[in-house]
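In: fold the following for me, if possible:
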Amino acid sequence: MKITTSFLHLEHTPALDEKIQESSAKLEKFFKSKGTMKWSCYVKNGEHFAEIYYHAPHCEYHATAWSDNLYHSIDMAVEKIEKQAFKKKDKYNKIHREKTQMIILDPITAWTDHDEEDVA
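Out: Take a look at the predicted model:
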């Protein structure tokens, strides 16, 4: 996964970089290392904003969070992305689960033993 970061009215410190890398690794389990992730961190009116934009061939996620602490803003933005990913995953599973349900037409023959020769 390609990760880009930008800072506005903030210093780029190694601790911030480590926090962003750690949070990106946390999100990687949902996206399987495909796509690009853009982080924007900035200060506006005394509030610290963290903005994440994730783009892949079949999905896009965007989250913005703000608080008095930038580290807390990063955590809140990651939680928002996780909620979006869980929601999409549940929706996908619900649609595909309905298509793959097994329907037993004759319950009596379903529980009987079959020889390999009988199965075509």
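
In: helix or strand right after the helix or strand encompassing Ser40?
Out: Using DSSP states H and E, Ser40 sits in strand 36-44. Once the chain leaves strand 36-44, the next helix or strand it forms, by DSSP H and E, is strand 47-56.

In: can you point out the buried residues in that next one?
Out: 48-54 (16 or more other Cβ atoms under 10 Å). Just so you know, the C-beta spots here come from the backbone N, C-alpha and C atoms, and that holds for glycine as well.

In: go on, stretch 4-18?
Out: By 16+ other Cβ under 10 Å, the buried positions in stretch 4-18 come out as 7, 16.

In: dump it to PDB, restricted to CA.
Out: Presented in PDB, the C-alpha positions along stretch 4-18 are these (Å, rounded to 0.1, in the frame of the first residue of the first chain):
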ATOM      1  CA  THR A   4       1.500   9.700   1.500                       C
ATOM      2  CA  THR A   5       1.300  12.200   4.300                       C
ATOM      3  CA  SER A   6       1.000  16.000   4.300                       C
ATOM      4  CA  PHE A   7       1.200  18.500   7.100                       C
ATOM      5  CA  LEU A   8      -0.100  22.000   7.200                       C
ATOM      6  CA  HIS A   9       0.800  24.400  10.000                       C
ATOM      7  CA  LEU A  10       2.500  21.400  11.800                       C
ATOM      8  CA  GLU A  11       5.900  20.000  12.200                       C
ATOM      9  CA  HIS A  12       6.600  16.600  10.700                       C
ATOM     10  CA  THR A  13       8.100  14.700  13.700                       C
ATOM     11  CA  PRO A  14       9.200  11.100  13.800                       C
ATOM     12  CA  ALA A  15       6.600  10.400  16.500                       C
ATOM     13  CA  LEU A  16       3.800  11.500  14.200                       C
ATOM     14  CA  ASP A  17       5.200   9.600  11.300                       C
ATOM     15  CA  GLU A  18       5.400   6.400  13.500                       C
END
